[in-house]
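Asks: Pasting a predicted model and its sequence here:
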Amino acid sequence: MKEQVLDQIDAAVTADLPLRIFTWHIHGSYLFYLSQGNYEIFIPVNYSRSEGYYGKGETFPFGDNVHEIPAGEVRNTPFDVILFQTDENYLADQYDILSKAQRRLPRIFLEHDPPWDHPAIAKHPVNDPEVVVVHVTHFNRLMWDNQVSDTIVIEHGVTLPSVQYSGTINRGIVVINNLPKRGRLLGLDIFNEVKKHIPLDLVGMGTGKLGLGEVLHPELPAFLSQYRFFFNPIRYTSLGLAVCEAMMLGMPIVGLATTEMAVTIKNGYSGFIDTNVDKLIEKMQYLLNYPDAAAVMGQNAKEAASSRFNIIRFTAEWESLFHQVIQNYSHE
């Protein structure tokens, strides 16, 4: 069986065809940025449009290299690499829609999050030396007990927006989906406290009475660029793509000095980070009072993002990893 799979992969490489990556639609913005690379991505779709089976949807301008496949046809379609993105993908979905041969293909698990249980002792669900676990931040990799799995870090990559920061709206902006339901973890209490002192707007799905509602991803750069600063009240999560996107716009960032944020924002240079919310409120007021200083910090943030989160580096690392797992598989 493995010989047949290898013949398929060898034929694709010999023909110099783009690699065929199968994955699920989990985080739309991440999938959009991943799709900027030189490979074909296949995502399943079902009638109920359940989690991971949405298809392309209508929010992101996916290119022609992203293909929808009816879930029932997945097992009959040739792929080069299987990319898991959730525990459910790895523990259940693969057995529901992949053939036995496909489940033996080169496999990668993309871990988007830090551990939600105790962050020092939580064991990652993948415990297989044949599956490469990709973490999106070094903090996440550090905190997970990865057991025997081979792990690497591929930091976020985002495209350079066509609009520029103006900061003409003398307010801060927060971008979080479903904040009212997600509570302290995402900093609901911090947002509410800061809002008593600083003019803040909130956008995202499910903002309810707290916010302005959803701004579609293609329209978000132009919307955000008008605000004086970007505020991230989240206590504990992975580094949000919204932070990277705001930096790439040239916005100064204010946030908690926790998780990967502690090594992403340089205090007083590209924004302000602290674990003392009162101090952050003082710094936000400073940015409101001094727009020229805010613009300088925003430019510093953009330069940092252009170096660290550029899309060319991001897609090149993913393409290299895809080829690497195929090569390692073929030498087993």
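Replies: That came through, no problem. What you are looking at is a predicted structure, and each value in this text was computed from that prediction instead of being measured.
Asks: which one's the longest helix in this structure?
Replies: The longest helix of the chain (DSSP state H) is helix 311-330.
Asks: in it, what counts as buried?
Replies: Applying a neighbour-count criterion of 16 or more other CB atoms under 10 Å, one finds 311, 314-315, 317-319, 321-323, 325-326, 329 buried in helix 311-330. Heads up, the C-betas are built off the backbone N, CA and C, glycines and all.
Asks: go on, stretch 237-255?
Replies: Per 16+ other CB under 10 Å, stretch 237-255 contains these buried residues: 237-255.
Asks: can you check stretch 265-285 too?
Replies: Under 16+ other CB under 10 Å, the buried positions of stretch 265-285 are 265, 270-274, 277, 280-281, 283-284.
Asks: any idea where the strands of the stretch 51-200 of the chain begin and end?
Replies: If DSSP state E, counting those that start in this stretch is used as the criterion, the strands of the stretch 51-200 of the chain fall at 66-70, 81-84, 107-111, 131-135, 150-153, 169-175, 200-203.
Asks: mind putting those strands in TSV, distance to Ala294 and mean pLDDT included?
Replies: Converted to TSV, the strands of the stretch 51-200 of the chain look like this (distance: least, CB to CB, whole Å; pLDDT from 0 to 100):
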stretch	distance to Ala294	mean pLDDT
strand 66-70	37	97
strand 81-84	39	98
strand 107-111	34	98
strand 131-135	32	98
strand 150-153	31	97
strand 169-175	10	98
strand 200-203	15	98
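Asks: Okay, strands next: where are they in the stretch 201-332 of the chain?
Replies: 227-232, 253-256, 271-274.
Asks: With just CA atoms, put the last one into CSV.
Replies: Taking only C-alpha atoms (Å, rounded to 0.1, in the frame of the first residue of the first chain), the coordinates of strand 271-274 have been written out as CSV:
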residue,chain,number,x,y,z
GLY,A,271,3.5,50.1,21.3
PHE,A,272,3.0,49.4,25.0
ILE,A,273,2.7,46.1,26.9
ASP,A,274,2.4,45.5,30.6
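Asks: Give me the helices and strands touching that strand, please.
Replies: Using 3 or more CB pairs under 8 Å, 6 or more residues apart in numbering; DSSP states H and E, the elements in contact with strand 271-274 are strand 253-256, helix 277-289.
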